[in-house]
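[1] Show me how the following folds:
(one chain, ligands or ions: 1)
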Amino acid sequence: MTAFDGEDLVNPEVESEAEVAFEGALRPKSLAEFVGQRKVRGQLQLLLDAAAIQSRTPDHILLAGPPGLGKTTLAMIVAHESNRPLRLTSGPAIQHAGDLAAVLSSLVPGEVLFIDEIHRMARSAEEMLYLAMEDFRIDIMVGKGAGATSIPLDLAPFTLVGATTRSGLLPNPLRDRFGFTAHLEFYETEELVQVIHRAAQLLAVEIDRESLREIASRSRGTPRIANRLLRRVRDYALVDGRGASLEAVRAALELYDVDELGLDRLDRAVMSIILERFDGGPVGLNTLAVSVGEESETIEAVVEPFLVRIGLLSRTPRGRIATKAGWAHFGIPRNADALFGDDL
Ligand SMILES: Nc1ncnc2c1ncn2[C@@H]1O[C@H](COP(=O)(O)OP(=O)(O)OP(=O)(O)O)[C@@H](O)[C@H]1O
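    Here you go, the predicted model:
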């Protein structure tokens, strides 16, 4: 149990079963319906069109970026747009090379294989994947010790779509075997307005543009969070009985502890540890994680990218340091000799 258990409204990593079903209903099915990421969309379209002209499987694709920005959605779109079946699995589900061999050997020709969190796959499976990606072939080890032999097995041609929140953790030989790497960026507020406008229509929620903008601006540039906040606002409006007005949006988000910048309790706890306990920093990642009772991976993949993006925090080789804006946002009196992250 962490210090921040309970409703984790702005952590895009945490997904309940209800949310998975809800997301499924809201996922755009084509590149044209996919909002934002204009460059990536154009690059993917070209890659799919070129493969279609040559009647071959599209190149392997790596999707990199923080959680909730649309990696799974894009994998589904790649399969849908190229009219191919899709197989979904994830790095943590591949603990042994044998787990991967079972998946690869059962692919049908042209299938799109999506491996979410590919950086968490077992090392032995990574090596098998190199050969599979390059030559559509794997070597299966039979027997043990001196009598062990490897039997080559041809695979059906497939397109691998890998997703990672930590592309830096991927070994170079694996990264190099992707024909194309897309780096997904956080979304602009106006783009998130479009995402939740569409979701509101699908969910039959009546809500005006100003209220949509208020939700979007507190969604940390992340569609998953925007959809989630919309759902909470819809519930609030339903119970309150006065509709999804701007007032309802503000009251619902206050109830769930999401402030006007989209910061939640965990973000605020991280900032307050840096500012109050460590005089603005520098603080190491592990110290920070232990201090707030969270996994360092969550701090690194979810909390920090956003705090850095909105300019409250700097990541330096010496550790994490609050910026001038970080001090100002929290209104905490500062020691004269404290460092500013922006000056380093
Ligand atoms: N560009 C977009 N346009 C419309 N909806 C989007 C877009 N990107 C994401 N979404 C919506 O946000 C939700 C989360 O997207 P998705 O599951 O694809 O994210 P992800 O990057 O794969 O996250 P994770 O890495 O945690 O699996 C989905 O409901 C999806 O419909």
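
[2] Need the pLDDT of residue 4.
    The score at residue 4 is 38. That number is its pLDDT.

[3] wait, residue 307
    pLDDT, residue 307: 94.

[4] give me the element it is part of.
    Residue 307 belongs to helix 304-309 when assigned by DSSP states H and E.

[5] Tell me which residues are up against that helix.
    For helix 304-309, contacts defined as C-beta atoms under 8 Å, 6 or more residues apart in numbering pick out 66, 186, 220-221, 262, 267, 270-271, 313-315, 320, 326. Every residue, glycine included, has its C-beta placed from N, CA and C.

[6] May I see these arranged in CSV, with distance to residue 338 and neighbour count as well?
    Below are the contacts of helix 304-309 laid out as CSV (distance: C-beta to C-beta, whole Å; neighbours: other C-beta atoms under 10 Å):
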residue, distance to residue 338, neighbour count
66, 29, 23
186, 28, 20
220, 26, 30
221, 28, 24
262, 25, 23
267, 20, 26
270, 17, 24
271, 14, 23
313, 14, 25
314, 13, 21
315, 17, 16
320, 13, 29
326, 11, 25
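
[7] Now, those residues that are in strands?
    313-315, 320 (DSSP state E).

[8] quick check, nearest of those residues to the ligand?
    Nearest to the ligand among the ones in strands among the contacts of helix 304-309 is residue 315, at 20.9 Å by C-beta to the nearest ligand atom.

[9] What is the burial count for the closest residue to that closest one other than its chain neighbours?
    Distance criterion C-beta to C-beta, 6 or more residues apart in numbering; nearest residue to residue 315, sequence neighbours excluded, is residue 308 at 6.0 Å. Around residue 308 there are 15 other residues, counting by other C-beta atoms under 10 Å.

[10] Give me the pLDDT value at residue 166.
    85.

[11] now it: how far from residue 260?
    Residue 166 is 30 Å from residue 260, where distance means C-beta to C-beta, to the nearest Å.

[12] out of these two, which sits in the busier spot?
    Ranked by neighbour count (other C-beta under 10 Å), residue 166 and residue 260 place residue 166 first, with 15 against 11.

[13] my guess is the more buried one meets residue 91, correct?
    No: between residue 166 and residue 91 there is no contact under C-beta atoms under 8 Å: 10.4 Å.

[14] so what's in contact with the two at the same time?
    With C-beta under 8 Å, 6+ apart as the test, residue 166 and residue 91 both reach residue 119.

[15] Could you pull out the strands in the stretch 201-344 of the chain for me?
    With strands called from DSSP state E, counting those that start in this stretch, the stretch 201-344 of the chain shows them at 313-316, 319-322.

[16] could you dump those to a markdown table with mean pLDDT and distance to residue 95?
    Formatted as a markdown table, those follow (pLDDT from 0 to 100; distance: least, C-beta to C-beta, whole Å):
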| stretch | mean pLDDT | distance to residue 95 |
| --- | --- | --- |
| strand 313-316 | 93 | 31 |
| strand 319-322 | 93 | 32 |
